[in-house]
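**Student:** kindly generate the corresponding structure for this input.
(chains A and B)
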Amino acid sequence: MDYYFKTEQMSVGYNKEALIKDINIVLNKGEILTLIGPNGAGKSTVLKSISKQLKLIHGLVYMDKDELSLMSDTMLSQKMAVVFTEKLRSELMTCEDVVATGRYPYTGYLGILSAEDHLHVKKAMDLVHVTAIKDHDFTKISDGQRQRVMLARAICQNPEIIILDEPTSFLDVKHKLEFLSLLQKLRNDKGLTVIMSLHELELAQKVSDKILCVNGEYVDCYGKPEEVFKPGYIKSLFGIESGSFDEEFGNMELMPPDGKADIFVLAGGCSGRNIYRRLQREQKAFVTGILYDNDLDYPVAKALASKVIMAKAFEPVEDKVIDQAKKMIDSCCQVICCREVFGSMETANKEIYEYAKKSGKLCQK
Amino acid sequence: MQRRRKYRYISAFIILVICIAFFFALNICIGSVSISLSDIIGTITGKGEYDTLARIVWDIRLPRTIAVLILGGALALSGYLLQTFFHNPIAGPFVLGISSSAKMVVAILMVFLMRNAIRVTSADMILAAFVGAMLSMGFVLLLSRKVREMSMLVVAGVMVGYICSAITELIVTFAQDADIVNLHNWSRGSFSGMTWDNVYVMSVVIAITFVLVFLLSKPLSAYHLGEVYAKNMGVNIRRLRIYLVILSSVLSACIVAFAGPISFVGIATPHLIKKLLGTSSPLLMIPASFLGGSVFCLICDLLARMLLAPTELSISTVTAIFGVPVVLWIMMERRKERSY
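**Tutor:** Take a look at the predicted model:
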């Protein structure tokens, strides 16, 4: 099988003790691999091992057919750039100076930059939009800016593969998206291969070609995002106890309220989500219905409601579902209706609306 | 920006060179006998007929001043290397106990050789001092593996320094030989009694070391950023660290062998120079620190000879007075910086 980057039976860890065993990664040129997993699961350890910062406990790493441990340091430095969480010491250095350190593997014996090197530095800074702060002291810029300067530094190292440890952690949403788009652009334009760890699962799902899940002892799952993000998987990988993560929508919700549900929320057509969340904040348990399973209210309801009365989309609602909804209304003291109008085909919700109105429990949101 | 920086670097170097020339001249002119500049030029070019003056200038002041120039530079450079090595702004040969243990070994050697009536050569002294420097360097390195905290390292270095000084004192006190008087002076740090022979040896050793250090400026600049990044840039960290240890020990050893332990120059000068240049790039810092150390020591030696003339102060007395405020200032600055 053809590959650009490959690990074979790789075990990584500290002090000759394996932390994670049997890691087998195969990447083609220009693929983006994301490592996900709980804190302390060993994502950084994996990244440090494949960048030769840590000795492998066992196994081999291949890059472009060369075995990593046989590659010279200089050769590796011209092919691989890193952005780690370790702080870069930058006494009295401007951002431009920091970016320029990326040219190190290409400079001569005394490390003096040539005109060509300066050009690379300038291009890299333009690409990451840090040219405006090039004369600022590196220690006196924001964390987000620092992260982008570090990316510019890695880019001007002209690598074929780039290793990033939680590169987006300090970025705001605009810059997170910009950062990942930039990685995609580099991948598309230059065939850059990317291996990184991310905490933002919903972004990992979207940007990655492959995902590696580590859980502290072994590789729990490895494959394309659609293979990894199966319902319930994230909850088990991270051991989520309070709250939930919806693998299909990338939606996170807090813990549902406890206790007996006293409120029935009549929702549907994306009208109920905000009410659900308000009730969650107020710690009032509720049931909701009748929702089609393709409604955007549905994933939120599933995460927060004590019970969801669900109907299959594109089918008429069965009578027993309507009866179930009516029974629920009987057991509640209050019905909140989120809907202002009902669609002409939506007879079921209309029926239970009338039922609630008759019982006198109805109140508008 | 780039251009402005270039001007700054050039003017900084010009200032340093002018300072060296100025204080060099002062050091030769001023002393128990004041000599005018024209007289000195006369003696040096051989046109003058002042016999005693010629002897004072040639045999005493000139070798001494050149030694101050070279050793001062070496001190600042070894301080710079140690600060880089440990990523610690207050590291230096004196603080880490390197000077003191070099002194101890030299004292032991001198007493032993004098007992047996063997003449001590410059090379012997340097070698002994190097052994001593490596001893405490080794100890500090071992400790730095166990203890990650840098302040602990400095405390340990100071402790080693005290032990070594105590042992040296003991040796000096119990040594009966009359020549030990010299040893006593030297063990407190002093540039007095330099001969041309000393100057030749130290210039060769330090010139070679300086060139080697300068050639390391590229990997050093990477090492500055932190080990993780240096490694990714293709630097062989292990090898670089070994070079650093050896070179800084050679420098410290050379200084101790000729002038004894001198405090604070190694810590203070690189910081002052860094502020002057506005950069921490080793390519500039290495030569500039050397020049800065020369200026610092020329001033201090001048003061040591002048202040209570004809009594001469020990050089460390003077360097401490100027060096300590700088060190305190560094520590305050660092506290400020750490908050980011």
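**Student:** surely residue A:234 meets residue A:240?
**Tutor:** Yes: using C-beta atoms under 8 Å, residue A:234 is in contact with residue A:240, at 7.0 Å. To be clear about C-beta, it is placed using only N, CA and C from the backbone, and glycine gets the same treatment.
**Student:** mind naming the longest strand for chain A?
**Tutor:** strand A:5-14 (DSSP state E).
**Student:** any buried residues in that one, and which?
**Tutor:** When burial is assessed from 16 or more other C-beta atoms under 10 Å in any protein chain shown, strand A:5-14 yields the following buried residues: A:5, A:6, A:7, A:10, A:11, A:12, A:13.
**Student:** the very next helix or strand once past that strand versus strand A:5-14: what angle between them?
**Tutor:** Following strand A:5-14 in sequence order, the next helix or strand is strand A:17-23 (DSSP states H and E). Strand A:17-23 runs at 160 degrees relative to strand A:5-14, counting by axes from the mean of the first three to the mean of the last three C-alpha atoms, to 10 degrees.
**Student:** if you count contacts, what does strand A:17-23 end up packed against?
**Tutor:** strand A:5-14, helix A:43-50, strand A:58-63, strand A:219-223 (3 or more C-beta pairs under 8 Å, 6 or more residues apart in numbering or on different chains; DSSP states H and E).
**Student:** give the rounded mean pLDDT of that strand.
**Tutor:** If you average the pLDDT over strand A:17-23, you get 89.
**Student:** name the residues that touch that strand?
**Tutor:** With contact meaning C-beta atoms under 8 Å, 6 or more residues apart in numbering or on different chains, strand A:17-23 is reached by A:7, A:9-13, A:42, A:45-46, A:57-59, A:212, A:214, A:216-219.
**Student:** and the pLDDT for residue A:1?
**Tutor:** Looking at residue A:1, its pLDDT reads 64.
**Student:** residues contacting residue A:14?
**Tutor:** Counting by C-beta under 8 Å, 6+ apart, residue A:14 touches A:45, A:54.
**Student:** burial of the residue of the stretch 51-200 of chain B found nearest chain A, as a residue count?
**Tutor:** Among the residues of the stretch 51-200 of chain B, residue B:87 lies closest to chain A, at 6.8 Å counting by C-beta to the nearest C-beta. Residue neighbour count, defined by other C-beta atoms under 10 Å in any protein chain shown, stands at 14 for residue B:87.
**Student:** go ahead and confirm it touches residue A:89.
**Tutor:** Yes: contact criterion C-beta under 8 Å: residue B:87 and residue A:89 qualify, at 6.8 Å.
**Student:** got any residues that touch both of those two?
**Tutor:** Residues touching both residue B:87 and residue A:89 by C-beta under 8 Å, 6+ apart: residue B:226.
**Student:** tell me where the stretch 101-250 of chain B is predicted with low confidence.
**Tutor:** Applying pLDDT under 70 to the stretch 101-250 of chain B flags residues B:148, B:150, B:176-184.
**Student:** for residue B:279, pull up the helix or strand it's in.
**Tutor:** Using DSSP H and E, no helix or strand contains residue B:279.
**Student:** does residue A:285 touch residue A:265 like I think?
**Tutor:** No: using C-beta under 8 Å, residue A:285 is not in contact with residue A:265, being 11.0 Å away.
**Student:** with neighbour numbers in mind, choose between these two.
**Tutor:** residue A:265 (28 against 18).
**Student:** for residue 94, give me its contacts.
**Tutor:** No chain was given, so I picked chain A. Shown in contact with residue A:94 (C-beta under 8 Å, 6+ apart): A:134, A:135, A:136, A:137, A:138, B:1.
**Student:** you looked at the wrong chain, it should be chain B
**Tutor:** With C-beta under 8 Å, 6+ apart, residue B:94 has these contacts: B:100, B:161, B:261, B:262, B:263, B:264, B:266, B:267.
**Student:** burial count for the residue of the stretch 101-250 of chain A found nearest chain B?
**Tutor:** When scored by C-beta to the nearest C-beta, the stretch 101-250 of chain A has residue A:111 as its residue closest to chain B, at 3.6 Å. Counted with other C-beta under 10 Å, residues neighbouring residue A:111 total 22.
**Student:** and residue A:54, by the same measure?
**Tutor:** Residues lying near residue A:54 (other C-beta under 10 Å) number 17.
**Student:** quick one, what contacts it?
**Tutor:** The contact partners of residue A:54, by C-beta under 8 Å, 6+ apart, come to A:12, A:14, A:45, A:48.
**Student:** excluding sequence neighbours, find me the nearest residue to the last one.
**Tutor:** For residue A:48, the nearest residue in space outside its immediate sequence neighbours is residue A:54; the separation is 4.4 Å by C-beta to C-beta, 6 or more residues apart in numbering or on different chains.
**Student:** rewinding a little: and for residue A:285 and residue A:265, which residues touch both?
**Tutor:** residue A:279.
**Student:** enumerate the residues of the stretch 151-300 of chain B near chain A.
**Tutor:** By C-beta under 8 Å from any C-beta of the partner chain, the residues of the stretch 151-300 of chain B that approach chain A are B:215, B:217-218, B:221-222, B:224-226, B:228-229, B:231-236, B:274, B:278-280, B:283.
**Student:** same thing but at 10 Å, please
**Tutor:** Proximity of the stretch 151-300 of chain B to chain A, by C-beta under 10 Å from any C-beta of the partner chain, involves residues B:214-215, B:217-237, B:274-275, B:277-283.
**Student:** can you pull out the residues in contact with stretch A:108-124?
**Tutor:** Residues from elsewhere that reach stretch A:108-124, judged by C-beta atoms under 10 Å, 6 or more residues apart in numbering or on different chains: A:96-104, A:106-107, A:130-131, A:134, A:149, A:151-158, B:2, B:214-215, B:217-222, B:233, B:281-283.
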